[in-house]
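S.K.: I need the structure of the sequence given here:
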Amino acid sequence: MTEREPPTRRIKSMQTASEVLRELQSQSEASLSDLCGNIDVAKSTLHTYLQTLVAEGFIDKSDGVYRLGLRFIPLGESVRNRIDLYQLGKEEVKRLAEETNEWVHLTVAYRSREVTLYEHNGGETVAVDYQRRTRESPQYLHCTATGKALLAYFDDDRVTETVATEGLVQQTEQTITDPDELREELEEIRARGYAVNDEEEIRGMRSVGAPIQDVDGTVCGAISVTAPKTRLSGDYLYNDLPELVMEAANIIEINLESAAASGE
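M.R.: Modelled structure (predicted):
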């Protein structure tokens, strides 16, 4: 008989503090009363949490309104600067953005979603507010080009777990919501080496993404080009642009390999 692992122990106060921070992130700003409606603790207890987080610099308070604090900026930079993919991939993101004149994103998987490590706009600015929002919270994997590129190179158990955890939320009429259809597309992505998001995340936008493999052969991230569908169509969408994106992914892989070989 297989020994069952004991349940993970958690500190309730830390969970509550995390819930407060997530709620402030989703609301941008909120009063104590606003937060009371969504966090299941007594008002006096919640006030104590807020005051503690203010004292630690994680929250700012002005005129009775709470917001996430500036302390998160250096913390986030510290995390990102320690990631080899960011350090060795950001220049290639800039180069591809300037060559295509479009948005280019470098992403990584975070639990069952994806997070943007770095992005660059090549000059043709579109959907700026939407791009900002996607940077502020992890995105679904099944409806983005980078997300599908990542999923295509996950093992079967991880794909199953991701679908079970997040579901296949319908973002647009084009979003894949059937698990079998998703798996068929992931097979096609592995065969051709790139993924296409055809208005599956936001109507009117398309993107092409390619996986980036680490030195051990596992997928460690993905890179994509995003633009209005009128600029991504025909041969450019299915031939020319995929070649550019896959080339950029390959250059980043070479950078990772070279750094590992030199011991950097």
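
S.K.: give the buried residues for stretch 74-92.
M.R.: Of the residues in stretch 74-92, Ile83, Asp84, Leu85, Tyr86, Gln87, Leu88, Gly89, Lys90, Glu92 count as buried by neighbour count, 16 or more other C-beta atoms under 10 Å. Placement of C-beta: from N, CA and C, glycine included.

S.K.: can you flag which of these belong to helices?
M.R.: Counting by DSSP state H, the buried residues of stretch 74-92 place Asp84, Leu85, Tyr86, Gln87, Leu88, Gly89, Lys90, Glu92 in helices.

S.K.: could I get the residues you listed as TSV with distance to Gln27 and pLDDT?
M.R.: Below are those laid out as TSV (distance: C-beta to C-beta, whole Å; pLDDT from 0 to 100):
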residue	distance to Gln27	pLDDT
Asp84	34	97
Leu85	31	98
Tyr86	29	97
Gln87	33	97
Leu88	36	97
Gly89	33	98
Lys90	31	97
Glu92	36	98
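
S.K.: distance of His120 from Val159?
M.R.: Distance from His120 to Val159, counting by C-beta to C-beta, to the nearest Å: 29 Å.

S.K.: how about the strands in the stretch 151-264 of the chain?
M.R.: Using DSSP state E, counting those that start in this stretch, the strands of the stretch 151-264 of the chain run over 195-198, 205-213, 219-228.

S.K.: and of those, who's closest to Arg10?
M.R.: strand 219-228 (28.5 Å; C-beta to C-beta).

S.K.: parallel or antiparallel, list what pairs with that closest one.
M.R.: strand 103-110 (antiparallel), strand 205-213 (antiparallel) (DSSP bridges).

S.K.: what are the buried residues along it?
M.R.: Residues Val219, Cys220, Gly221, Ala222, Ile223, Ser224, Val225, Thr226, Ala227 are the ones in strand 219-228 that count as buried (16+ other C-beta under 10 Å).

S.K.: and the two most separated of these?
M.R.: Most distant of the buried residues of strand 219-228, by C-beta to C-beta, are Cys220 and Ala227, 25.0 Å apart.

S.K.: what are the buried residues along stretch 159-168?
M.R.: Buried residues in stretch 159-168 (16+ other C-beta under 10 Å): Val159, Thr162, Val163, Leu168.

S.K.: what about that stretch, distance to the chain center?
M.R.: The chain centre lies 15 Å from the centre of stretch 159-168; the measure is C-alpha atoms, centre = their mean, to the nearest Å.

S.K.: where are the low-confidence patches of this structure?
M.R.: By pLDDT under 70, the weakly predicted segments of the chain are 1-7, 125, 127-128, 131-132, 264.
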